[in-house]
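[1] Mind folding the following:
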Amino acid sequence: ADGYKLPIMGNLFTAINRGYHGDIGGAVKPGIYFGIDVVTIPAGGEGTTLTKVGRWMSESEYLAMKNEERVIEGAGGQTFVTEGGPHLYTGASPGSIYVEFEVPTNSLLKGGKEGWFKMIGPNAEKSQLFMLQKQGGELLPKYNNLSKALKVK
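    A predicted model of the protein is given here:
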């Protein structure tokens with residue numbers, strides 16, 4: 001395939017739905033995937049609404065996120081976050097740190113409880129990919145204003 005020009009990563013679903021296969025591996029960056037030229041826009045671009053979320057994570061995930069400038073894909077293609085503070089999730093492992101950052105609101109899917117959300121990557125279930133596509137969100141979006149550790153478990 002000659003590939004398709006995509007204005008934002010959220011349209012990577014087009015590639016998946018057209019039957020392209022391959023392993024993106026890790027955070028999606030601008031480049032060629034599935035024979036497609038993927039171009040990204042920064043979080044908070046013109047007309048983008050941002051939501052401040054928080055996440056308990058390991059220090060290594062925090063460093064990886066800082067280096068990638070994108071949300072890191074979690075197990076099963078899902079990265080869980082909360083809106084409203086560290087008290088909303090009490091199951092973090094000892095040694096985890098709580099940080100906050102802003103992401104495009106349309107890249108958040110509802111989680112299992114009030115104030116819980118998830119962002120998804122290319123390894124998420126097709127139903128999750130469809131829901132994100134339907135609301136115009138982006139896979140593993142760029143973030144703004146990553147805080148330092150606000151709390152340590």
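
[2] CA atoms for contacts and neighbours, from now on please.
    Fine.

[3] excluding its backbone neighbours, what's nearest Gln135?
    For Gln135, ignoring the flanking residues on the chain, the nearest one in space by Cα to Cα, 6 or more residues apart in numbering is Asn106 at 6.1 Å.

[4] Go over the secondary structure and confirm that neighbour is in a helix.
    Yes - according to DSSP: H, G, I helix; E, B strand; the rest coil, Asn106 belongs to a helix.

[5] who touches it in this structure?
    The neighbourhood of Asn106, defined by Cα atoms under 8 Å, 6 or more residues apart in numbering, consists of Thr49, Leu132, Gln135, Gly136, Gly137, Glu138.

[6] Now a ChimeraX select for only the buried ones of those.
    In ChimeraX, a selection of the buried entries from those looks like this (16 or more other Cα atoms under 10 Å):
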select :132,137,138
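
[7] Which parts of this protein are strands?
    Ranges of strands in the chain, per DSSP state E, are 5-6, 31-33, 36-38, 50-57, 78-82, 97-104, 109-110, 116-120, 151-152.

[8] for the chain, which spans come out with low pLDDT?
    Residues of the chain that meet the criterion pLDDT under 70 lie in 1-47.
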